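*Asks:* Coordinates for the following, if possible.
(one chain, ligands or ions: 2)
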Amino acid sequence: MEQTLALVKPDAFARKDEVVLKVVSAGFTVEKSAELQLTPARAAQFYAEHAGKPFLDDLCNFMCSGRVLAMVLSKEGAIKAWRELMGPTDSVAARSTAPDSMRALFGTDKQKNACHGSDSPEAAAREIAFFFPPSGEIPDLATGAAQAA
Ligand code: RTP
Ligand code: MG
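*Replies:* Ligands and ions are numbered 1, 2, ... in the order given. Prediction:
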């Protein structure tokens, strides 16, 4: 089953339960979920693909302005299906073209747009590992201490 990384961004965090209800109603399974606050460095790392773009600093400040809900969602064709449920990037445009979408319902404008979704299988794998690292990647402090001794 395909998996994708979904974020409820800080502007919509207070309404995360409504987002999750819509996610489940649309047939997704929430495989993993975590609430956390990004640091500026981590936000810049997450959005590395946008390095050099004029909106990157504003975007990182926004993404660090409060908690986010990170979820691994699964469903047939989850990547495309979640991006369709999110709607277009600009919440203002979304309200006329996709009024039932997450961005129309829970977002404000082209930055404060409520949700993020991976845009390819490669991005999904990278973004899932970013928020939910495999246990093998967590440094083993006990082993490190033994090697140093
Ligand atoms: P996302 O990556 O969050 O799913 O959104 P997206 O693909 O629809 O949009 P993308 O172009 O990848 O931009 C990533 C996020 O940056 C913010 N943004 N601000 N001020 C601006 O012109 C602008 N453009 C984009 C949005 O929060 C967007 O989701
Ligand atoms: Mg994008």
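*Asks:* so how far is stretch 34-54 from its chain's centroid?
*Replies:* 11 Å (Cα atoms, centre = their mean, to the nearest Å).
*Asks:* now swap in stretch 33-52 and tell me
*Replies:* Here the centre of stretch 33-52 is set off from its chain's centre by 10 Å, with Cα atoms, centre = their mean.
*Asks:* One more: stretch 6-25?
*Replies:* Distance of stretch 6-25 from the chain centroid (Cα atoms, centre = their mean) equals 10 Å.
*Asks:* Can I get that stretch in PDB? Just the C-alpha atoms.
*Replies:* Extracted C-alpha coordinates of stretch 6-25, given in PDB (Å, rounded to 0.1, in the frame of the first residue of the first chain):
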ATOM      1  CA  ALA A   6       1.100  14.600   5.600                       C
ATOM      2  CA  LEU A   7       1.600  17.600   7.800                       C
ATOM      3  CA  VAL A   8      -1.000  19.700   9.500                       C
ATOM      4  CA  LYS A   9       0.800  23.100   9.500                       C
ATOM      5  CA  PRO A  10       0.800  25.500  12.500                       C
ATOM      6  CA  ASP A  11      -2.100  27.600  11.100                       C
ATOM      7  CA  ALA A  12      -4.400  24.600  11.200                       C
ATOM      8  CA  PHE A  13      -3.000  22.700  14.200                       C
ATOM      9  CA  ALA A  14      -5.900  23.900  16.400                       C
ATOM     10  CA  ARG A  15      -8.300  22.100  13.900                       C
ATOM     11  CA  LYS A  16      -6.200  19.000  13.500                       C
ATOM     12  CA  ASP A  17      -9.000  16.700  14.800                       C
ATOM     13  CA  GLU A  18     -11.300  17.900  11.900                       C
ATOM     14  CA  VAL A  19      -8.500  17.300   9.400                       C
ATOM     15  CA  VAL A  20      -7.900  13.800  10.800                       C
ATOM     16  CA  LEU A  21     -11.700  13.000  10.600                       C
ATOM     17  CA  LYS A  22     -11.700  14.000   6.900                       C
ATOM     18  CA  VAL A  23      -8.500  12.000   6.300                       C
ATOM     19  CA  VAL A  24     -10.100   8.900   7.700                       C
ATOM     20  CA  SER A  25     -13.400   9.500   6.000                       C
END
